[in-house]
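[1] I need the structure of the sequence given here:
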Amino acid sequence: MAELLSLKDAVARLVHDGDTVALEGFTHLIPVAAGHEIIRQRRTGLTLIRMTPDIVYDQLIGAGCASKLIFSWGGNPGVGSLHRFRDAVQHSWPVPLEIEEHSHAGMANRYVAGASGLPFAVLRGYTGTDLPARTETIKPITCPFTGERLAAVPALNPDVTIVHAQRADRSGNVQIWGITGVQKEAVLAAKRSLVTVEEVVDELEPRPGAIVLPSWAVTAVAEVPGGARPSYAAGYYERDNDAYQAWDAIGRDRESFTRWLDELTGVKA
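    Predicted structure coming up:
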């Protein structure tokens, strides 16, 4: 049964130094507020997982929270590179960052395997790329029935998955609609889960295309209106394109990023 907590208490209870943490969201419902709270609580040594790490991961990496990133694409959508990510990989600033790169299909199948209680996933993928030669967690496997050569990738089972959703009821059942990506699978694959929501309501009204994460699959729910900004939340607010564009200049320079970080964490100059 999910517990209703404040965001501060939920992060303090569920996210620990050295954890493997997935903050999933594709295009919208990105759990930005939760990422910022992880930064404020100065978590370190995290292995971060995300199919499409964008600016909140740039911020987590720049703040020194991460020691490793498992991903399939990284960038500032519609703008360009993640400069704090690049600086960590190329220059170990503020700390060295190990990377483990996969395809989108590989990452999605890894979450599905984790959610299904399986040790690995099998897919037709990675053919024609150099990822198998560079990523230890991609292995060839032969189908015992057809002899076809396929790719095997290990299941993803985060210590904690964090997602953002539109609504939850007071029992902790969560309702998500719009582009749902791998949020469901990432939650079911995790040992612990936190869902931030736009609002807590007495009853979840049916929505076309919506999915429900049942209370038994969620560890904690935190009501955080606007918790996905500057991404969007279908039915609540639109994407703040200006914020993504502004981040390029902030993230590009160590001094400007440090000023942003000090403001976020309440450090006075």
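
[2] which residue ranges of the stretch 51-200 of the chain form strands?
    Taking DSSP state E, counting those that start in this stretch as the test, the strands found in the stretch 51-200 of the chain are 66-71, 98-101, 120-123, 139-142, 149-154, 160-169, 174-176, 192-201.

[3] ok, L4 - contacts?
    Going by Cβ atoms under 8 Å, 6 or more residues apart in numbering, L4 touches A168, R170, G172, V200, A220, V221, A222, E223. (Each C-beta comes from the backbone N, C-alpha and C, glycine too.)

[4] could you measure from it over to R134?
    Between L4 and R134 the distance, using Cβ to Cβ, to the nearest Å, works out to 43 Å.

[5] switch the contacts of L4 over to CSV; also include neighbour count.
    What follows is those, written out as CSV (neighbours: other Cβ atoms under 10 Å):
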residue, neighbour count
A168, 28
R170, 13
G172, 21
V200, 14
A220, 23
V221, 28
A222, 26
E223, 17
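
[6] which one of the residues you listed sits closest to A189?
    When the contacts of L4 are ranked by distance to A189 (Cβ to Cβ), A220 comes first, at 16.7 Å.

[7] ramachandran angles for that closest one?
    Reported as degrees, to the nearest 10, the phi and psi values for A220 are phi -150, psi 150.

[8] how about it, what does it touch?
    Taking Cβ under 8 Å, 6+ apart, we find A220 in contact with A2, E3, L4, L5, A10, R13, L14, S193, L194, V195.

[9] which residues in the stretch 101-250 of the chain form helices?
    Using DSSP state H, counting those that start in this stretch, the helices of the stretch 101-250 of the chain run over 104-116, 131-134, 183-189, 241-252.

[10] can I get those in a markdown table with mean neighbour count?
    Formatted as a markdown table, these follow (neighbours: other Cβ under 10 Å):
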| stretch | mean neighbour count |
| --- | --- |
| helix 104-116 | 21 |
| helix 131-134 | 13 |
| helix 183-189 | 24 |
| helix 241-252 | 16 |
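
[11] among those, which comes closest to W260?
    W260 lies closest to helix 241-252 among those, at 5.2 Å (Cβ to Cβ).

[12] mind giving me the packing neighbours of that closest one?
    Helices and strands touching helix 241-252, by 3 or more Cβ pairs under 8 Å, 6 or more residues apart in numbering; DSSP states H and E, are helix 55-62, helix 83-91, helix 254-265.

[13] mind putting the ones you listed in TSV, mean pLDDT, mean neighbour count and distance to G128 included?
    As requested, the helices and strands packed on helix 241-252 are exported to TSV (pLDDT from 0 to 100; neighbours: other Cβ atoms under 10 Å; distance: least, Cβ to Cβ, whole Å):
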stretch	mean pLDDT	mean neighbour count	distance to G128
helix 55-62	98	26	27
helix 83-91	98	19	24
helix 254-265	97	14	37
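
[14] and the ones you listed as a markdown table, adding distance to K184?
    Listed next are these as a markdown table, based on distance: least, Cβ to Cβ, whole Å:
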| stretch | distance to K184 |
| --- | --- |
| helix 55-62 | 20 |
| helix 83-91 | 27 |
| helix 254-265 | 30 |
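
[15] out of the ones you listed, which is closest to E37?
    Across these, E37 has its closest neighbour in helix 254-265 (9.9 Å, Cβ to Cβ).

[16] touching the closest one from outside, list them.
    Contact with helix 254-265 is made by 36, 39-40, 42, 59, 62-63, 83-84, 87, 93, 249-251, 267-269, as judged by Cβ under 8 Å, 6+ apart.

[17] contacts only, for the closest residue to Q166 other than its chain neighbours.
    Nearest non-adjacent residue to Q166, counting by Cβ to Cβ, 6 or more residues apart in numbering: E198, 5.2 Å away. By Cβ under 8 Å, 6+ apart, the contact set of E198 is A165, Q166, R167, E223, V224, P225, G226, G227, A233, Y236.

[18] 10 Å instead, please
    E198 sits next to 29, 164-168, 223-228, 233, 235-237 when contact means Cβ atoms under 10 Å, 6 or more residues apart in numbering.

[19] and D253, by the same measure?
    Shown in contact with D253 (Cβ under 10 Å, 6+ apart): H83, D87, R259.
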